[in-house]
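Trainee: Provide a 3D model corresponding to the input given below.
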Amino acid sequence: MKVLYITNKPIYPKVDGGCVAMDNFLQCLLAKNIDIKHLFIHTSKHPYLEGNYPSELSDRIRPKGVFINTKVTAISAIKHLFKRGSYNVNRFYSPEMKELIVDQLQAEDYTCIILESLFIGPYIESIRDNYTGKIFIRTHNVESDIWNDLAKSATNFFRASYLRKLANDLKKYEIEILQKIDGILSLSIDDVQRFAELKIKTKAEVIPVTIELHDKEDNTYDNNNFFHLGVMNWQPNIEAVDRLIKLFPTIRKNIPTAELHIAGKHSTEVVKENQQSGIFVHGFVEDSRQFSIQTGILVSPILSGSGIRIKLLEAMALGIPCVTTTRGIQGIDYSENNCVIVADNDTKIIHECIRLAKDKKLREEIGKNARNYIRKNHNIESVSTRIVEFIKNT
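Mentor: Residues are numbered from 1 along each chain as shown. Predicted structure coming up:
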């Protein structure tokens, strides 16, 4: 099997959950000895530098990318008000990227093409003109739902109106483009059900992300502090951290020694540290695994967005007890596994955080159940087999 894998950003370095998800998908393909050619877009937000890809991996997947300036400007945003199409998606189109894809299709034969995210959609027409095989899109979430949530949470009338337009344009595009491909590889059952609600008839399959599970369990469950880990240029993370900071004083009244640690790229730019109040901001951490194990309880009160949360799954694999919302736990069958605590309102979040912080036995129970859930549902052998079967049977 030979696959052309096209992504909307470089996979490496793995700076966010999206990159982690793409990396483990790539590893699944390689685990089945699939021949892969990798093309990608890189931007100012996600730059590509020579040497970012591990050398052994580069030899196998032969990565090649095109830079596109996707920066949002006031002028381009205003112009979009009078144009058709999705501004979010159109920013990822360039003639140079189209030429690179077409040249690759003319140079080699492929079993199938896998596009990473909706943002590679503008190239589907050119692909169809030069390729007769199957095209798949791998979706991390329902993109239009994310922007619809942002519009609902916006307090400024003009901002809310503009975000609604972006969401509506993106929804139309999402429905249209997902009807033009042969199969959807989705990260969660919630998103597959949502596509069905949108009357998208394209065959869809849940392909979970794989998560590395270390044989040695390093978590002693002694630490009862709290933390949030995530890239802070993504609005759902910003909203979650803002909410957590507002709730933390009440938690600290009950546990005066409690600390809240916030880490992730751009966190020092977005969050103000207040050590006197027990809030510590770490910025980007090189070893997120060690940081998580040493810091205690993950709290992610997500309000918006869709798709599965990679950072949450990684924490669960480490046996870290997690508190999140129904929105944050999408795609994870927590109800029968007691592997994470779900709290949707502020009172419940505060209560569950205090309960976990005061009960080491409960932290250990939730943490060990979380590891067992990851072991059963996110191992590379079963996931990679599902990918190959879906491609062959579609």
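
Trainee: longest helix in this protein, by residue count?
Mentor: helix 157-178 (DSSP state H).

Trainee: avg pLDDT for the following helix or strand past it?
Mentor: As assigned by DSSP states H and E, the chain's next helix or strand after helix 157-178 is strand 183-186. Averaging pLDDT along strand 183-186 yields 96.

Trainee: what does the longest helix of the chain contact?
Mentor: 77, 81, 85-89, 118, 121, 124, 137, 142-144, 147-148, 150-152, 154, 184, 195, 198-200, 202 (Cβ atoms under 8 Å, 6 or more residues apart in numbering). C-beta: built from backbone N, CA, C; applies to glycine.

Trainee: Among those residues, which are located in strands?
Mentor: Residues of the contacts of helix 157-178 located in strands (DSSP state E): Ile137, Ile184.

Trainee: where are the low-confidence patches of the stretch 251-394 of the chain?
Mentor: 305-307, 336 (pLDDT under 70).

Trainee: Sketch out the strands for it, chain order is fine.
Mentor: 260-263, 279-283, 297-300, 322-324, 341-342 (DSSP state E, counting those that start in this stretch).

Trainee: If you count contacts, what does the longest one end up packed against?
Mentor: Think strand 279-283. strand 260-263, helix 267-270 (3 or more Cβ pairs under 8 Å, 6 or more residues apart in numbering; DSSP states H and E).

Trainee: Make CSV out of these and add distance to Leu49 and mean neighbour count.
Mentor: As requested, the helices and strands packed on strand 279-283 are exported to CSV (distance: least, Cβ to Cβ, whole Å; neighbours: other Cβ atoms under 10 Å):
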stretch, distance to Leu49, mean neighbour count
strand 260-263, 23, 24
helix 267-270, 21, 17
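
Trainee: how about TSV for those, with distance to Asp191 added?
Mentor: Shown next, in TSV, are these (distance: least, Cβ to Cβ, whole Å):
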stretch	distance to Asp191
strand 260-263	27
helix 267-270	27
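
Trainee: of all the ones you listed, which lies closest to Lys45?
Mentor: Closest to Lys45 of the helices and strands packed on strand 279-283, according to Cβ to Cβ: helix 267-270, at 13.8 Å.

Trainee: sorry, back to before: in helices, which of the contacts of helix 157-178 appear?
Mentor: 77, 87-89, 124, 143-144, 147-148, 150-152, 195.

Trainee: Using ChimeraX, define a selection of the buried residues within these.
Mentor: Burial among these is assessed by 16 or more other Cβ atoms under 10 Å; the matching ChimeraX selection reads:
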select :87,88,89,124,143,144,147,148,150,151,195
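
Trainee: Adding pLDDT and distance to Leu260, write the ones in helices among the contacts of helix 157-178 out as a markdown table.
Mentor: As requested, these are exported to a markdown table (pLDDT from 0 to 100; distance: Cβ to Cβ, whole Å):
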| residue | pLDDT | distance to Leu260 |
| --- | --- | --- |
| Ala77 | 81 | 35 |
| Tyr87 | 90 | 36 |
| Asn88 | 90 | 33 |
| Val89 | 93 | 37 |
| Ile124 | 97 | 44 |
| Glu143 | 87 | 31 |
| Ser144 | 89 | 33 |
| Trp147 | 85 | 29 |
| Asn148 | 87 | 30 |
| Leu150 | 81 | 25 |
| Ala151 | 85 | 29 |
| Lys152 | 85 | 27 |
| Phe195 | 94 | 37 |
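
Trainee: Out of the ones in helices among the contacts of helix 157-178, which is nearest to Arg309?
Mentor: Glu143 (15.8 Å).

Trainee: contacting residues around the closest one?
Mentor: Contacts of Glu143 (Cβ under 8 Å, 6+ apart): Asn88, Ser117, Leu118, Leu170, Glu174.

Trainee: can we see that at 6 Å?
Mentor: Residues near Glu143 by Cβ atoms under 6 Å, 6 or more residues apart in numbering: Leu118, Leu170, Glu174.

Trainee: right, and the helices and strands packed on strand 279-283 - which one's nearest Leu313?
Mentor: strand 260-263 (17.1 Å).

Trainee: Dump the closest one to CSV, restricted to CA.
Mentor: C-alpha atoms of strand 260-263 as CSV (Å, rounded to 0.1, in the frame of the first residue of the first chain):
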residue,chain,number,x,y,z
LEU,A,260,-2.4,25.9,40.3
HIS,A,261,0.2,25.3,37.7
ILE,A,262,-0.4,26.5,34.1
ALA,A,263,1.9,25.4,31.3
